[in-house]
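Novice: The amino acid sequence is not available; the structure is as follows:
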């Protein structure tokens, strides 16, 4: 029985989605895939559904009514995973900016090396980003530095979106209390896991910018992250961080 679920949110990923699905299923570990599809007008959902008969009980799709935000997609996926038997739950983009081969290393960090949350880190060993202009590299790098300064987290890649959560972490976090829906969601989840005392390990990866499809980054998402970090830290002064029990998580 598979212990690992890879959650892939999609919006207009027709160029990438079949290739990423086939690549994950080719790996020497039994990963399942849940696609959270936000009503893409380009036919992404139809491509996924055409693959379902080839991968029965391994490939799943949840179709939502519109573009509802990255954070809500992952929260939906986390709850879906917790209702089932998965012990390791992954976040991964559809566009190959995250190398599917690195799923094995993230899994190993949690399953064999004792991490509660493993992060595919672009910045743990220098700067490992391919095909980004220098302006974006610097923006991302200093954004992580900004988050570390405000929050106090000792995580080099605070905005990373390639991660493996153990079931224990997702059960312990009150998922209904997560506030942010854009890329600030990635920071909030790490911050919450860190405040709850979980063992967070960064695994060095090489991040390669997408070659097909369009980036989903907007000024609104960036603004949410910049302001959201301050809100996150401020609110933490008035909040008690307590792990939920498995029974409370249901």
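Specialist: Structure's in. What do you need? Owing to the predicted nature of the structure, the values given are computational and were not obtained by experimental measurement.
Novice: Please count neighbours and contacts with C-alpha atoms only from this point.
Specialist: OK.
Novice: Contact partners for the residue nearest the centre of the chain?
Specialist: Per CA atoms, centre = their mean, the C-alpha nearest to the average position across the chain is that of residue 91, at 3.1 Å. Under the criterion of CA atoms under 8 Å, 6 or more residues apart in numbering, the contact list for residue 91 reads 6, 7, 8, 74, 161, 162, 163, 164.
Novice: what about 6 Å?
Specialist: Neighbouring residues of residue 91 by CA atoms under 6 Å, 6 or more residues apart in numbering: 7, 162, 163.
Novice: Against residue 162, how distant is it?
Specialist: From residue 91 over to residue 162 the distance is 5 Å, taken as CA to CA, to the nearest Å.
Novice: do residue 48 as well
Specialist: Note on residue 48: its distance to residue 162, by CA to CA, is 21 Å.
Novice: who has more neighbours, these two?
Specialist: Residue environment comparison for residue 48 versus residue 162 gives the larger neighbour count to residue 162, 25 against 19, counting by other CA atoms under 10 Å.
Novice: how close does the more buried one sit to residue 53?
Specialist: Looking at residue 162 against residue 53, where the rule is CA to CA, the gap reads 28 Å.
Novice: Can you report phi and psi for residue 208?
Specialist: phi -120, psi 120 (degrees, to the nearest 10).
Novice: burial measure for it, as a count.
Specialist: Around residue 208 there are 17 other residues, counting by other CA under 10 Å.
Novice: ok, it touching residue 97?
Specialist: Yes. Using CA atoms under 6 Å, residue 208 is in contact with residue 97, at 4.5 Å.
Novice: beta partners for the residue nearest to the centre of the chain?
Specialist: On DSSP bridges, the residues paired with residue 91 through beta bridges are residue 7, residue 163.
Novice: all helices for this structure, in order.
Specialist: Along the chain, counting by DSSP state H, helices occupy 17-25, 44-51, 70-82, 102-111, 134-151, 167-172, 184-195, 219-236, 246-249.
Novice: ok, now which ones touch the closest residue to residue 201 other than its chain neighbours?
Specialist: Excluding its sequence neighbours, the residue lying closest to residue 201 (CA to CA, 6 or more residues apart in numbering) is residue 118, at 4.8 Å. Residue 118 makes contact with 106, 163, 164, 200, 201, 202, according to CA under 6 Å, 6+ apart.
Novice: So residue 118 versus residue 157, what's the distance?
Specialist: 11 Å.
Novice: And residue 169, by the same measure?
Specialist: Distance of residue 169 to residue 157, given as CA to CA: 19 Å.
Novice: cool, and residue 209?
Specialist: 16 Å.
Novice: Helix or strand with the lowest mean pLDDT in this structure?
Specialist: Ranked by mean pLDDT, DSSP states H and E, the weakest helix or strand in the chain is strand 129-130, scoring a mean of 68.
Novice: ok so, going back, beta partners for the residue nearest to residue 201?
Specialist: When assigned by DSSP bridges, residue 118 has beta-bridge partners residue 164, residue 201.
Novice: Quick check: pLDDT value at it.
Specialist: pLDDT, residue 118: 98.
Novice: How about the one 5 residues further on?
Specialist: The score at residue 123 is 85. That number is its pLDDT.
Novice: Make 43 the starting number, not 1.
Specialist: Shifting the count to begin at 43 puts that one at residue 165.
Novice: and the gap between the nearest residue to residue 223 once chain neighbours are set aside and residue 242?
Specialist: Once its chain neighbours are removed from consideration, residue 223 has its nearest residue in residue 113; the separation is 4.0 Å (CA to CA, 6+ apart). Between residue 113 and residue 242 the computed distance is 20 Å (CA to CA).
Novice: Poorly predicted segments of the protein, please.
Specialist: Confidence mapping of the chain against pLDDT under 70 gives the ranges 168-175, 177-179, 252-267, 292.
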